[in-house]
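>>> Predicted model follows, preceded by the sequence.
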Amino acid sequence: MIRIIIPAAFVFSLWSTPSYASSEELIKACRLYTQPSLSLQDAWTASHCYSYFNGYWDAWTTAQAKSQLDAGGICFPSGVSWQQIARVYINWSDKHPELWHRDPWETVLSAFTEAFPCT
């Protein structure tokens, strides 16, 4: 029974979690994520911002640990919150609407490299 449930849950998670074709979709989710009160549907959409940055954080910390170097020239300050990370991305994106059609990994990397440089 467990063998069936785990693959089914995995397939469902792939189906229910969006992959962002453009940064504009991620920006929308992050704008919702920074709001204090949301409908159930908006909360679901907002959770995708958290999920995206949580995955980014995991990849960043893995790269940093493996290379013993600054991962991508980004140095997150200790104690930074997910809300702060989302706001940094939104603020950077508002200054660069001409890049909203790009893949999210490109705009996230640019935003974080600018906001959290290693000094």
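Nice, I can see it.
>>> Buried residues of stretch 83-96, list them for me.
Within stretch 83-96, the residues that count as buried by 16 or more other C-beta atoms under 10 Å are 85-90, 92-93. The C-beta positions use only the backbone N, C-alpha and C, and glycine is treated the same way.
>>> my bad, stretch 96-105
Buried positions in stretch 96-105, judged by neighbour count with 16+ other C-beta under 10 Å: 99-100, 104.
>>> Check stretch 40-51 too.
Of the residues in stretch 40-51, those buried under the neighbour-count criterion (16+ other C-beta under 10 Å) are 45-50.
>>> Test my guess that Trp92 contacts Leu109.
No - the pair Trp92 and Leu109 does not pass the contact test of C-beta atoms under 8 Å, sitting 10.7 Å apart.
>>> What number of residues are in the vicinity of Pro117?
Under the neighbour criterion other C-beta atoms under 10 Å, Pro117 is assigned a count of 11.
>>> now Glu106
By the measure other C-beta under 10 Å, the count of residues near Glu106 is 11.
>>> Please, which helix or strand holds it?
The secondary structure element spanning Glu106 is helix 104-115 (assigned by DSSP states H and E).
>>> ok now that helix, how far from the chain's centre?
Relative to the mean C-alpha coordinate of its chain, helix 104-115 is positioned 10 Å out (C-alpha atoms, centre = their mean, to the nearest Å).
>>> Only alpha carbons, please: show that helix as PDB.
Extracted in PDB, the C-alpha atoms of helix 104-115 (Å, rounded to 0.1, in the frame of the first residue of the first chain):
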ATOM      1  CA  PRO A 104      12.500  33.100 -13.000                       C
ATOM      2  CA  TRP A 105      16.000  31.700 -12.300                       C
ATOM      3  CA  GLU A 106      17.500  34.600 -14.300                       C
ATOM      4  CA  THR A 107      15.600  37.400 -12.500                       C
ATOM      5  CA  VAL A 108      16.000  35.800  -9.100                       C
ATOM      6  CA  LEU A 109      19.700  35.400  -9.600                       C
ATOM      7  CA  SER A 110      20.100  39.000 -10.700                       C
ATOM      8  CA  ALA A 111      17.900  40.400  -7.800                       C
ATOM      9  CA  PHE A 112      19.800  38.400  -5.200                       C
ATOM     10  CA  THR A 113      23.200  39.100  -6.600                       C
ATOM     11  CA  GLU A 114      22.500  42.900  -6.500                       C
ATOM     12  CA  ALA A 115      20.700  42.800  -3.100                       C
END
